[in-house]
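*Asks:* Show me how the following folds:
(one chain, ligands or ions: 1)
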Amino acid sequence: MARTCTSILLIKVSFWCCVLLLLLWADSAITSPVPPKSAIASAHPLATQAGFKVLRQGGNAFDAAVAVAAALAVVEPAGSGLGGGGFLLLHQASGRDVMLDAREKAPMAARRDMYLDETGKVIPGLSVDGPLAAGIPGLPAALVHMAEKYGRLPLSQCLAPAIRLASEGFVVGPRYLRQVKRRFDILQGYNQTAAIFLQHRRMPRPGFRLIQKDLARVLETIAQYGRSGFYQGWVAKRLVDSVRQEGGIWSLEDLRRYQVIERQPLEGDYRGIHIVSAAPPSSGGVVLLESLNILSGYFIHRLSPVTIKHLVVEAWRRAYRDRALYLGDPDFIAMPLSRLLDPDYAAGLRVAIRQDRAMPSDWLNPAPEVQEGADTTHFSILDREGNRVAATLSINYLFGSGFVAQGTGVLLNDEMDDFSIKPGVPNIYGLVGGEANAIAPGKRMLSSMTPTFLETPQKVAILGTPGGSRIISMVTLAVLDFAAGFRPSLWVKWPRYHHQYLPDEIQFEPDALSPSEQSTLQTMGHRLHPLARHYGNMQAILWDKNSGQVEAASDPRGEGMAIVE
Ligand code: GLY
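*Replies:* Residues are numbered from 1 along each chain as shown. Below you'll find the model as predicted:
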């Protein structure tokens, strides 16, 4: 009898031990597993391969990010580069999130009216073309910071693939040729730019090999001396001399003082999805989270596709208006972030949204119009330890300012154009606006870059895209697709629509709205603006912790490559 009792007891104890072990295993599988594979999605195959090279050498996601960013600076010169900046969202496997703010800064000699003539009119092109349009670059400082603080390999090892690509060259693809065509005049306008990016000063032909020896030397100098390799010494001197010779206002002191800032990313929740995204001076996280807060009040899955589109547009209308009214560099201005991100504030905005009518933007309190470059680049990385990077980098318009500093191969940004060039002057509605984003010496210009992480107990996503002010609407649509359970290959591919408060119109890619949706939206009072061109170049990764599957996708609109290995 006693033996039977002991056996029963043993069986019971074993059973409960098994249950406990299973629960512990399930819990750890949900809360802290490591990905079975690593993944990189970037806008160029050579950049994705550069990242994997470094991962295979024992590097982590941050080392790979240095390699990918530096390679993109070489192989996708129209979108980002050492002469530009960006925002890099990092997640350490320990659970810590941080945003590296590598946004360009206005030089100390910048003035709020520097792009206006004596009558107060904007001088066309001055904030877009040439060295006066360039802010002090942040990307080189970010690469060094990331490698030294978060990476595992020496900086020189992470920069090696980019150095080789720059010195040996690579054959450009059709996308490069299309980009050159769009900025041909400005590229031809500067000898040193034309010598690098054109072929005998003419449109390059298919098969053109882009060799950038000077850029390779600058990368080598950074590899050897770190931050001071770019912000001091011969590179800094050449940058400043060259900029000043052509009418720019940089000083050696501007470069010496540039610092990357570690900022706390913005966080919010939408239908059980935890969102981590870019903080100011990018407007990306604020507009994304405010839009999603507004949308969280609807049972979206129960609505018709056209009603969903209408409500998404109405949410953007309000969030983009707040962007224009309130946002700028947090080191210079106070912003009502806790109000803008409060679900009750969103609920107040939602009350004024009708499900059957568009509200004209000029019925809302007027704010200045958003105008931004439409280019830039993005890459996403996940390593096998669970570290992640979502980085959106930019030199603003295609090929930035078009100006290469003599002897450096560094193509300078035209990010100064992201400031409100004409603040304090009444806009078309008679109101003064844009003060939050007015030019000031040493200030960072407002951005729309939206590198983002999404997380549920089962899934992790890493995503972002170029596309100027449309970046935020593209990321919003991807969050909605993620929430609906779609795969990243669809987030990056599906046709897109956009609204940004002003101009008061829904811009949309071919096929984004069916003919019947177009007529319904018009009946609701929306103005439609069909776009001839596709936009965006999303790079996304999804890790499903339950199934252990890692997927990565590169936008078919671009020439990028996603690898899972
Ligand atoms: N220049 C594009 C952005 O910062 O959003």
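*Asks:* can we go C-alpha only for contacts and neighbour counts from here?
*Replies:* Will do.
*Asks:* so where's the stretch 251-400 of the chain shaky on pLDDT?
*Replies:* 366-374 (pLDDT under 70).
*Asks:* Point me to the residue of it nearest the ligand.
*Replies:* Asn396 (3.9 Å; C-alpha to the nearest ligand atom).
*Asks:* Buried residues, the helix or strand where Leu143 lies. List them.
*Replies:* Element membership for Leu143 (DSSP states H and E) is helix 139-149. Neighbour counts using 16 or more other C-alpha atoms under 10 Å place 139-148 of helix 139-149 among the buried residues.
*Asks:* JSON lines for those, including distance to Lys105 and pLDDT?
*Replies:* Output for those, formatted as JSON lines (distance: C-alpha to C-alpha, whole Å; pLDDT from 0 to 100):
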{"residue": "Leu139", "distance to Lys105": "12", "pLDDT": "99"}
{"residue": "Pro140", "distance to Lys105": "13", "pLDDT": "99"}
{"residue": "Ala141", "distance to Lys105": "13", "pLDDT": "98"}
{"residue": "Ala142", "distance to Lys105": "14", "pLDDT": "98"}
{"residue": "Leu143", "distance to Lys105": "17", "pLDDT": "98"}
{"residue": "Val144", "distance to Lys105": "18", "pLDDT": "98"}
{"residue": "His145", "distance to Lys105": "17", "pLDDT": "98"}
{"residue": "Met146", "distance to Lys105": "19", "pLDDT": "98"}
{"residue": "Ala147", "distance to Lys105": "22", "pLDDT": "98"}
{"residue": "Glu148", "distance to Lys105": "22", "pLDDT": "98"}
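*Asks:* tell me which of those is nearest to the ligand?
*Replies:* Among the buried residues of helix 139-149, Leu139 lies closest to the ligand (C-alpha to the nearest ligand atom), at 13.0 Å.
*Asks:* How is the residue nearest the centre of the chain assigned, secondary-structure-wise?
*Replies:* The residue lying closest to the centre of the chain (C-alpha atoms, centre = their mean) is Thr392, at 2.9 Å. Counting by DSSP: H, G, I helix; E, B strand; the rest coil, the backbone at Thr392 sits in strand.
*Asks:* Apart from its neighbours in sequence, what residue is nearest it?
*Replies:* Distance criterion C-alpha to C-alpha, 6 or more residues apart in numbering; nearest residue to Thr392, sequence neighbours excluded, is His378 at 4.3 Å.
*Asks:* Val260 too?
*Replies:* Per C-alpha to C-alpha, 6+ apart, closest to Val260 is Ala102, 5.1 Å.
*Asks:* Settle this for me: the one you found is touching Leu143, isn't it.
*Replies:* No: counting by C-alpha atoms under 8 Å, Ala102 does not reach Leu143; the two are 9.3 Å apart.
*Asks:* what about the residue nearest to Thr392, how many neighbours?
*Replies:* Using other C-alpha atoms under 10 Å, His378 has 32 neighbouring residues.
*Asks:* before we move on, back to that, okay, the residue nearest to Val260: pLDDT?
*Replies:* At Ala102, the pLDDT value in this model is 98.
*Asks:* ok so, going back, could you verify that the residue nearest to Thr392 is part of a helix?
*Replies:* No: assigned with three-state DSSP, His378 falls outside any helix and is strand.
*Asks:* quick one: it from Leu210, how far?
*Replies:* Separation of His378 from Leu210 (C-alpha to C-alpha, to the nearest Å): 21 Å.
*Asks:* for Arg350, same thing?
*Replies:* Taking C-alpha to C-alpha, one finds Arg350 at 51 Å from Leu210.
*Asks:* Likewise for Pro265?
*Replies:* When Pro265 is compared with Leu210 (using C-alpha to C-alpha), they lie 37 Å apart.
*Asks:* what's the answer for Leu382, then?
*Replies:* 30 Å.
*Asks:* Look at these two and report which has more neighbours.
*Replies:* Counted by other C-alpha under 10 Å, Leu382 and Leu210 do not tie: Leu382 has more neighbours, with 31 against 21.
*Asks:* hey, what's that one bridged with?
*Replies:* Ala39, Arg388 (DSSP bridges).
*Asks:* can you map out the helices along the stretch 451-565 of the chain?
*Replies:* For the stretch 451-565 of the chain, applying DSSP state H, counting those that start in this stretch gives helices covering 470-483, 488-491, 515-524.
*Asks:* So for the ligand, which of those sits nearest?
*Replies:* helix 470-483 (7.4 Å).
*Asks:* Give the other helices and strands that that closest one contacts.
*Replies:* helix 284-295, helix 488-491, strand 497-498 (3 or more C-alpha pairs under 8 Å, 6 or more residues apart in numbering; DSSP states H and E).
*Asks:* Residues contacting that helix, please?
*Replies:* Residues from elsewhere that reach helix 470-483 (C-alpha atoms under 8 Å, 6 or more residues apart in numbering): 271, 273, 284, 287-288, 291-292, 316, 374, 448-450, 454, 463-465, 487-488, 491-492, 496-500, 536.
*Asks:* Next, the angle from it to helix 284-295.
*Replies:* Here the directions of helix 470-483 and helix 284-295 differ by 50 degrees (axes from the mean of the first three to the mean of the last three C-alpha atoms, to 10 degrees).
*Asks:* Identify the farthest-apart pair in the buried residues of helix 139-149.
*Replies:* Greatest spatial distance among the buried residues of helix 139-149 (C-alpha to C-alpha): Leu139 and Glu148, at 14.2 Å.
*Asks:* just to revisit the earlier point, now restrict the contacts of helix 470-483 to buried residues only.
*Replies:* Buried among the contacts of helix 470-483 by 16+ other C-alpha under 10 Å: 273, 284, 287-288, 291-292, 316, 374, 448-450, 454, 463-465, 487-488, 491-492, 496-500, 536.
*Asks:* restrict those residues to those near the ligand?
*Replies:* 448-449 (C-alpha under 6 Å from any ligand atom).
*Asks:* Of the helices of the stretch 451-565 of the chain, flag the one that's most buried.
*Replies:* Among those, ranked by average contacts under mean count of other C-alpha atoms under 10 Å, first place goes to helix 470-483 (a mean of 23).
*Asks:* Does the ligand have contacts with that one?
*Replies:* No: legend: contact between helix 470-483 and the ligand by C-alpha under 6 Å from any ligand atom is lacking; minimum distance shown is 7.4 Å.
*Asks:* which residues sit in contact with Asp544?
*Replies:* Neighbours of Asp544 in contact, by C-alpha under 8 Å, 6+ apart: 458-460, 550.
*Asks:* Report the beta-bridge partners for it.
*Replies:* In beta-bridge terms (that is, DSSP bridges), Asp544 pairs with Lys459, Gln549.
*Asks:* Can you give me the distance of it to Trp491?
*Replies:* For Asp544, the distance to Trp491 - C-alpha to C-alpha - is 16 Å.
*Asks:* Alright, calling it a day.
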